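Engineer: sequence and predicted structure below; questions after.
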Amino acid sequence: MLFPRVGRRQPMLRIAWWLVVAFLCLGITLHLFPFYFMLITSFKSGQEVLQFPPTWWPHDGTVAGWRLVVSLVQGGNTAATTLMDGPFWKFFLNSVNITFWVLVLGIPITSLAAYANSKLQTGPLARWSFLFFIGTLMMPAALTLIPNYLLTRNFPFALPDAPSFFGSDTLVWPNVRIWDTHWAVILPIVFQAFNFLLFKGFFDTIPNSVIQAARVDGGSEFNIFRRIVLPMSVPVYAVAIWGAFSGAWDQFLWPLVVLQSPDKMPASVEIYNLLQKFTQAGATDANQASAAAQQMQQILSAGMSWNGLMVLGILQSLPVFIAFIVCREYLLRGIRLRGLK
């Protein structure tokens, strides 16, 4: 406990106790307020969402925004179809595909690298490889944006064009172009240095005597990892999986840079594109909506404004919330294990 029960009877400690409680309640309120505003906006009418000052509760509740999303998923809204490149379920499937491969490739690679650094490498090699792996944490994401972009154009060369053979104009070094494919989004985030640090810190707590006993019994390194280390590491795997899932599902800037085909966009980018098209159509600005009265009334009544966008935002954040609910027991256990170290 932060404050012992006996000590709370003292006036100064009681004041400090209530200050801490008030501070935590304020933090919870500030954290939940955007979700509350997003939820109530999804049930407002198109005219009400453009009012200023905004209302804090729907005065004229409607499910037009939710109907819009259903029609977007089915591809049956004529007005919305002109603003989109296909049914919205395609973009959700793109997000699922990207997230799936990030988890399937990233978690095993990161955990095995951390296990090798923790239990197999020793001496200077272990120290230098550890610094090599976590070195990417020290570099801002903007610093690697252009090199990663060039790598997707001519992998494995971070150059605008693949180098030629000894000055030849026709022969170039073999290269692979993954630009404008989902692999251009997946591969740069397969290895995550923060998850490597989590795995490494946890594997260091496993006694070396357990590993040595398994080796004496004739177990291979892979079997030791699979039968001994992996069952003991479920909490830290849950933390790493949830972090990788939320990062892959919500990423925005990198897919916007490397994906050009509209049918390959993930849901996060497509929501942004839809927002831009709604804005160009005048569905998110009260002055533009007033200027094009009759046409805009049809658009607003169809939910093609902030109410529809808020519904899409809720659906976009829902998988991360569900993943947290599924993994909450292991997440909390992982937090306790990290705190007890």
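Structural biologist: Cool, got the structure.
Engineer: my read is Thr62 is in a helix, agree?
Structural biologist: No: judged by DSSP: H, G, I helix; E, B strand; the rest coil, Thr62 forms no part of a helix; its state is coil.
Engineer: that one is in contact with Phe43, isn't it?
Structural biologist: Yes: taking contacts as CB atoms under 8 Å, Thr62 lies within contact range of Phe43: 6.7 Å. Any C-beta I mention is one placed from the backbone N, CA and C, and that applies to glycine too.
Engineer: find residues that contact each of the two.
Structural biologist: Asn307 (CB atoms under 8 Å, 6 or more residues apart in numbering).
Engineer: confidence score at Pro160?
Structural biologist: Looking at Pro160, its pLDDT is 83.
Engineer: which non-adjacent residue is nearest it?
Structural biologist: Leu150 (6.5 Å; CB to CB, 6 or more residues apart in numbering).
Engineer: what about the one you found, how many residues nearby?
Structural biologist: Counted with other CB atoms under 10 Å, residues neighbouring Leu150 total 16.
Engineer: what sits against it?
Structural biologist: Applying CB under 8 Å, 6+ apart, the residues contacting Leu150 are Phe157, Ala158, Leu159, Pro160.
Engineer: now do Ser220 against Ile228, distance only.
Structural biologist: Using CB to CB, to the nearest Å, Ser220 is found at 12 Å from Ile228.
Engineer: repeat for Val326
Structural biologist: Counting by CB to CB - Val326 and Ile228 are separated by 25 Å.
Engineer: between Ser220 and Ile228, which one's more packed in?
Structural biologist: Taking other CB under 10 Å, Ser220 and Ile228 do not tie; Ile228 has more neighbours (16 against 10).
Engineer: ok, that one touching Ala213?
Structural biologist: No: in this structure Ile228 lies outside contact range of Ala213 using CB under 8 Å: 9.2 Å.
Engineer: low-confidence ranges, this protein, go.
Structural biologist: Filtered on pLDDT under 70, the chain yields the residue ranges 1-9, 46, 72-85, 167, 280-305, 333-341.
Engineer: distance of the residue positioned nearest the centre of it from Pro255?
Structural biologist: Nearest residue to the geometric centre of the chain (CA atoms, centre = their mean): Gly247, 2.3 Å. The gap separating Gly247 from Pro255 is 12 Å, by CB to CB.
Engineer: looks to me like the residue nearest to Pro160 is in a strand.
Structural biologist: No: counting by three-state DSSP, Leu150 falls outside a strand, being helix.
Engineer: that one and Asn175, how far apart?
Structural biologist: 11 Å.
Engineer: shared neighbours of these two, anything?
Structural biologist: Phe157.
Engineer: ok, longest helix in this structure?
Structural biologist: Longest helix in the chain by number of residues (criterion: DSSP state H): helix 306-340.
Engineer: from the chain's centre, how far out does it sit?
Structural biologist: 10 Å (CA atoms, centre = their mean, to the nearest Å).
Engineer: mind listing what's buried along it?
Structural biologist: 306-317, 319, 323, 327, 330-331, 333-334, 337 (16 or more other CB atoms under 10 Å).
Engineer: ok, now stretch 219-232?
Structural biologist: So, applying 16+ other CB under 10 Å, buried residues of stretch 219-232: Gly219, Glu221, Ile224, Phe225, Ile228, Val229.
Engineer: and if you look at stretch 172-187?
Structural biologist: Applying 16+ other CB under 10 Å to stretch 172-187 flags Ile178, Trp179, His182, Trp183, Ala184, Val185, Ile186, Leu187 as buried.
Engineer: just those residues now: which is nearest Pro235?
Structural biologist: Nearest to Pro235, judged by CB to CB, of these is Ile186 at 25.9 Å.
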